[in-house]
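# Mind folding the following:
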Amino acid sequence: MTLRIARTLIVAGALTVPLGLASCGSDSSSSEPASSDSAESSEPSESSEESEAYEIVPDSEVTAGLAALGEMGAAVAAATAAGKGSTDDVDAMFEKWATFEGTIKQNEVELYLTMEDSLANLRSAAGDNDGAAATAAMAALSEASAAYLALHP
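Okay, the predicted model is just below:
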């Protein structure tokens, strides 16, 4: 339980620091025009960066996305157990995950972190052709997915 609290605090801090820096005008990203000094020009950029990185989608899209991840992950775990694991297949899972992860992160940070960890563990297991680790990673992902869907049907 202590590890979950620590992860939650780290994520909260990671989210707070960039927002504080952006509001201070210390962001020197090259996407902003060099002649723009007003705080107003940094606000739209800040909003567009957040929406691009973590799009919020309807619950129905999250439900469909989690189902797709479950199917994809089951195939990866089976292939990995057969000694044919592929990180490319897990990369495809990460691409699917990116389409709806923002909603999960917004609603349930701890479950979001568990899902992120599970996907990373699955990638590692696939790369090592470690069937037991792939199965464990998918079990953790499935459990977190079910917990999320129970809270957000």
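
# Now do E110 against E95, distance only.
According to Cβ to Cβ, to the nearest Å, E110 stands 23 Å off from E95. Yep, even glycine has a C-beta here, placed from its N, CA and C like the rest.

# who has more neighbours, those two?
E110 (15 against 9; other Cβ atoms under 10 Å).

# Just say helix, strand or coil for that one.
Judged by DSSP: H, G, I helix; E, B strand; the rest coil, the three-state class of E110 is helix.

# go on, E55?
Per three-state DSSP, E55 ends up coil.

# now it, nearest residue through space, not along the chain?
Leaving aside its chain neighbours, E55 sits nearest to G102 (4.9 Å; criterion: Cβ to Cβ, 6 or more residues apart in numbering).

# Looks like the one you found contacts V62 (just checking).
No - counting by Cβ atoms under 8 Å, G102 stays clear of V62, with 9.6 Å between them.

# So these two - more neighbours on which side?
V62 (22 against 19).
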